[in-house]
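Q: Would you be able to build a 3D model of this:
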Amino acid sequence: MTDQTSKGRALSEEELQELVAASDSGAREPGGKVGLFLASLAVIWSLFQVLLASPLANVLLPGDIINNSRQIHLAFAIFLAFTAYPAFKWSSRRQVPVTDWIMAAAGAFIAMYGYFFYEKIVQSGGLADNVDKWFALAGLLLLFEAARRALGPAMAVIATIFLVYVFFGAQPWVPDVIRWKGASLQKAMSHMWITSEGVFGIALGVSTKFVFLFVLFGALLEKAGAGNYFIKMAFGALGHLRGGPAKAAVVGSAATGLISGSSIANVVTTGTFTIPLMKRVGFTSEQAGSVEVASSVNGQIMPPVMGAAAFLMVEYVGISYVEVITHAFLPAVISYIALVYIVHLEAVKRNMPTLGDRVVSVGRTVGGMFAFFVGFAALCYFVQYPVGWIAAAVPDGAGWALAGLVFVAYVVLLALAATVPDLKPDDPNAEEVTLPVVSEIYKSGLYFLLPIIVLVYFLMIEQKSPGLSAFWATMLLFAILITQRPLKALFRGGRGVATAAVAGGLDLITGLIAGARNMIGIGLATATAGVIVGTVTLTGIGQVMSNLVEVVSGGNLILMLIFVGILSLILGMGLPTTANYIVVSSLMAGVVVELGAQSGLIVPLIAVHLFVFYFGIMADVTPPVGLASFAAAAVSGGDAIRTGFTAFFYSLRTVALPFVFIFNTDLLLIDVGWVQGIIVFIVATIAILVFTAGTMGYFLTRNRIYESVALIAIAFILFRPDYVMNKLQPPFADLPPAQLEQVLAEADPGETLRLRVSGPDFVTLEPKETTLVVTVGDEEGGAARLDATGLMLLEEDGVVKLEEPMFGSPFSETLQSFDFYGDTPVTLTALRAPQAQWPQELVFIPALLLLGGVAYLQNARVGRQGAQPA
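A: Below is the predicted model:
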């Protein structure tokens, strides 16, 4: 692939599909009975997962099947991996060797070992015996080989390194800093394969319960034709603007991010149309590919359907999926706004022509798109009221009544779609490009919005589990795929209804196969990453990493975050986003939170996980292994490495935003009301646009160096007004620690105090510090409020000492890493209470005045030079 792209040859459609298959769903396509058998197996896997997510799962499936669903999930993934992915590049793509059949069967059997021998394992207390440990070891080896085929060698190599550490980490030649007491083969295999601490841990459980349904939902929606509809609508709305193909690529990729969890598939799906058109209006091959890469990769951070890592956050952070997508919403939206602005500036700088001869209003276009998104959000929100009325009117039959209404709405919208021709993919290389007209094509796919509305309704309004929400949306897609062709034929005169019905059934089967094959890599990634998580829990290497990183960073949180970001990028060169997220968050999330507390900054756990997630998605961009960049170069015929570097430059806002929301959690809408949230959105949008103008070197005209510096500084102030205000007015007053009880008595309920605790580490005995955030209760008197915190203070010789808090008290877990029984006491060294501070929004005034000054200078220069403003 590298040779082809470096020579500037764009791959054919067939070669591109093979590229996607090789990376996402397996390049092997055996025909005949073997192909039919494997396709049937994929369909069975999809149907099993749908049944598992259904409300009737407990009725239709035996309890032992449900309890061992992770084992069954992995068995399907391993079997299909060995049969769908060839062992080597030169291996046959048309037949499955005997060795692969043997490994597939053995891997599937050992994956279900816990199911077959459940009683025996329960009787042994979850410990492996002499037979179990060898089966477990063989299972790990087969899992690693399957992961190597589906995900590349990096995942298997990293997991092997961690497993080697488990076995040999106690050897004398291992450095003292990472040496541990070691484990026998029996104990290690029990931990990794028999219990739910390793391979069959949280990550694989999330893949089984949630991720499969969302991947299947996307595959079915794509098979129904939604992808082509979204792309055409984006081009109809934006294609005629300056740099329109690039702007349409950004919006189209954001929309298809709902459908495809794979950045590579997204690049190829939208890029085959957008990249040639971008090249026609003046983008270079590398720039065209980079725009598509940057927009496609960010599809994984766009709510309401994010990448698989978002579902893992639900389990790792302990919050609902609604909260995850709420926190992720604002950074994702402003990131896409910035990307549209980037391609606009590129078009203006190069004075690119427009496509077609239609005159369009930019204001009307932007206003129309804004109205559509607001209207769609309002529809998703207000649908709860008629649903509530129906539920109140017919409580026993509300489900059937609502299903009937949804089907009626579907039939009406489908009848509307039947009045216009079906959308066909356009040829971007045609001599004359006729871009679609929104007013003429919007009718053809409005019914595609119904499954998304159902998904959002159950997720956001009903707040059902992600798995159940995806189940109902998938059921609607089942109905759409089976009926859309015959019903359209019926509405258009009744010809070919039977043929259309057969084609609809085939569409459903093809979608089920695609969903299952797309899940092979994710299932293996989550299982293999479980080995790494299991190593952390078994050996305690997490604490060692914490101490090591603290030493490397010198206790500086900024350096620590840079270190985590670099680690994510390095691992991301070989790991898929999901696996990268699991590895880095398992090792580093707790470290960042602890180091932040030591620095006096309370970092919410969700902020750290989103930080890791954002850098994880850069895996597909970053040279020299960015797979999405290689895919884009294969489409554009450009150089893959240059495409990757350009895409990374276009993605600078994706790199910068995580650092911002670590220190300004308002961007994650944490404890933010509606009014403040709207203000934050407006200011953050201005800030990201100003940051983009500064880094792109173009605002109203080309920037001078000092103007770029000023714009970046303005963006920083808008993103971090608290930083400036805290320099002018400290937010906390430092009080003597001995006055804690008095301060608690005088404080208002709900107010927060910050306590700095110092003392020896329980393991190393080295001095350490942390910050406690104490929320004042509504008890009467300072003594009662102090008792409620669980903190026991003793003042001796002017020093406030802390006794070990009682088990179960608010800070017992936080302080358990301190040694309360040594010669050096644990002390309360600082007490900080909030004090009055001017509104931080006042900082926006000088920042916006400075922005106006830069605009004035550039506008005057535009007038003198007669240049065309942006």
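Q: ok, Gly201 - contacts?
A: Neighbouring residues of Gly201 by C-beta atoms under 8 Å, 6 or more residues apart in numbering: 530, 533-534. C-beta: built from backbone N, CA, C; applies to glycine.
Q: What separation is there between it and Phe117?
A: 19 Å (C-beta to C-beta, to the nearest Å).
Q: that older thread, quick one: buried ones out of the contacts of Gly201?
A: Among these, those classed as buried by 16 or more other C-beta atoms under 10 Å are 530, 533-534.
Q: so can I have TSV of those residues showing distance to Ile682?
A: Shown next, in TSV, are the buried ones among the contacts of Gly201 (distance: C-beta to C-beta, whole Å):
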residue	distance to Ile682
Gly530	43
Val533	40
Gly534	46
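Q: out of the residues you listed, which are inside helices?
A: Mapping the buried ones among the contacts of Gly201 onto helices (DSSP state H) picks out 530, 533-534.
Q: Need these in TSV (columns: pLDDT and distance to Phe48).
A: Shown next, in TSV, are those (pLDDT from 0 to 100; distance: C-beta to C-beta, whole Å):
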residue	pLDDT	distance to Phe48
Gly530	87	21
Val533	83	25
Gly534	87	26
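Q: which residue ranges form the strands in the protein?
A: With DSSP state E, the ranges of strands along the chain come out as 732-735, 752-760, 767-775, 792-796, 799-803, 827-834.
Q: Pipe those strands into CSV and attach mean neighbour count and distance to Leu449 per row.
A: Listed next are the strands of the chain as CSV, based on neighbours: other C-beta atoms under 10 Å; distance: least, C-beta to C-beta, whole Å:
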stretch, mean neighbour count, distance to Leu449
strand 732-735, 14, 49
strand 752-760, 20, 43
strand 767-775, 17, 43
strand 792-796, 13, 59
strand 799-803, 16, 57
strand 827-834, 18, 46
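Q: Make a markdown table out of these and add mean pLDDT and distance to Asp819.
A: Formatted as a markdown table, the strands of the chain follow (pLDDT from 0 to 100; distance: least, C-beta to C-beta, whole Å):
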| stretch | mean pLDDT | distance to Asp819 |
| --- | --- | --- |
| strand 732-735 | 89 | 27 |
| strand 752-760 | 90 | 5 |
| strand 767-775 | 86 | 10 |
| strand 792-796 | 86 | 16 |
| strand 799-803 | 89 | 12 |
| strand 827-834 | 90 | 12 |
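Q: Tell me how many other residues crowd Ala633.
A: 33 (other C-beta atoms under 10 Å).
Q: got a list of what it touches?
A: So, once contact is read as C-beta under 8 Å, 6+ apart, Ala633 ends up touching 5, 285-286, 289, 639-640, 643.
Q: Most neighbours among those residues, please name it.
A: Gly289 (36 neighbours).
Q: Leaving out sequence neighbours, find the closest residue to Asp734.
A: Arg832 (5.8 Å; C-beta to C-beta, 6 or more residues apart in numbering).
Q: quick one: the helices in the stretch 151-300 of the chain?
A: Counting by DSSP state H, counting those that start in this stretch, one finds helices in the stretch 151-300 of the chain at the ranges 153-168, 185-189, 202-206, 212-224, 226-238, 244-256, 263-280, 285-297.
Q: And those helices: which comes nearest Val552?
A: Proximity to Val552, assessed across the helices of the stretch 151-300 of the chain by C-beta to C-beta, is greatest for helix 153-168 (19.1 Å).
Q: avg pLDDT for the closest one?
A: For helix 153-168, mean pLDDT is 86.
Q: quick one: buried residues of that helix?
A: 154-156, 158-160, 162-163, 165-166.
Q: would you list these in CSV and tack on distance to Glu769?
A: CSV is the format used below for the buried residues of helix 153-168 (distance: C-beta to C-beta, whole Å):
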residue, distance to Glu769
Ala154, 37
Met155, 37
Ala156, 40
Ile158, 33
Ala159, 35
Thr160, 38
Phe162, 31
Leu163, 35
Tyr165, 30
Val166, 32
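Q: ok, back up a step: need the winner for burial among the helices of the stretch 151-300 of the chain.
A: Comparing the helices of the stretch 151-300 of the chain by mean neighbour count (mean count of other C-beta atoms under 10 Å), helix 285-297 ranks first with a mean of 30.
Q: which secondary structure elements does it contact?
A: helix 244-256, helix 263-280, helix 321-349, helix 627-636, helix 640-650 (3 or more C-beta pairs under 8 Å, 6 or more residues apart in numbering; DSSP states H and E).
Q: export it as CSV, just CAs?
A: C-alpha atoms of helix 285-297 as CSV (Å, rounded to 0.1, in the frame of the first residue of the first chain):
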residue,chain,number,x,y,z
SER,A,285,-3.9,15.2,-3.0
GLU,A,286,-2.4,15.3,0.5
GLN,A,287,-4.7,18.2,1.7
ALA,A,288,-7.8,16.5,0.3
GLY,A,289,-6.9,13.2,2.0
SER,A,290,-6.1,15.1,5.2
VAL,A,291,-9.4,16.8,5.4
GLU,A,292,-11.2,13.5,5.0
VAL,A,293,-9.0,11.9,7.6
ALA,A,294,-9.4,14.6,10.2
SER,A,295,-13.2,14.6,9.8
SER,A,296,-13.6,10.8,9.6
VAL,A,297,-11.5,10.1,12.7
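Q: okay, the angle between that helix and helix 627-636?
A: Calculated by axes from the mean of the first three to the mean of the last three C-alpha atoms, to 10 degrees, helix 285-297 forms an angle of 130 degrees with helix 627-636.
Q: closest to Arg704 among the buried ones among the contacts of Gly201?
A: When these are ranked by distance to Arg704 (C-beta to C-beta), Val533 comes first, at 50.6 Å.
Q: leaving aside the residues next to it on the chain, what's closest to the closest one?
A: With C-beta to C-beta, 6+ apart as the criterion, Val533 has its nearest non-adjacent residue at 5.0 Å, and that residue is Ser586.
Q: What is the end-to-end distance of stretch 200-211?
A: End-to-end span of stretch 200-211 (C-alpha to C-alpha, to the nearest Å): 15 Å.
Q: contacting residues around the residue nearest to Val533?
A: Counting by C-beta under 8 Å, 6+ apart, Ser586 has contacts 529, 532-533, 536, 542.
Q: If you rank those by neighbours, which is first?
A: Neighbour-wise, the contacts of Ser586 (other C-beta under 10 Å) top out at Ala529, 32 neighbours.
Q: Skip the chain neighbours and tell me the closest residue to that one.
A: Ile582 (3.9 Å).
Q: The one you found touches Ala203, doesn't it?
A: Yes: between Ile582 and Ala203 there is a contact at 5.3 Å, judged by C-beta atoms under 8 Å.
Q: Quickly list what's touching both of the two.
A: Residues touching both Ile582 and Ala203 (C-beta under 8 Å, 6+ apart): 312, 526, 529, 533.
Q: Report pLDDT for the second one.
A: Spelled out, that is Thr526. So Thr526 comes in at 86 (pLDDT).
Q: ok, now which ones touch it?
A: Contacts of Thr526 (C-beta under 8 Å, 6+ apart): 203-204, 206-207, 211, 308, 312, 578-579, 582.
Q: give me that answer again for 10 Å
A: 70, 73-74, 77, 199, 201-208, 211, 308, 311-312, 533, 576, 578-579, 582 (C-beta atoms under 10 Å, 6 or more residues apart in numbering).
Q: Is it correct that Ile570 is in contact with Gly616?
A: No: between Ile570 and Gly616 there is no contact under C-beta atoms under 10 Å: 11.5 Å.
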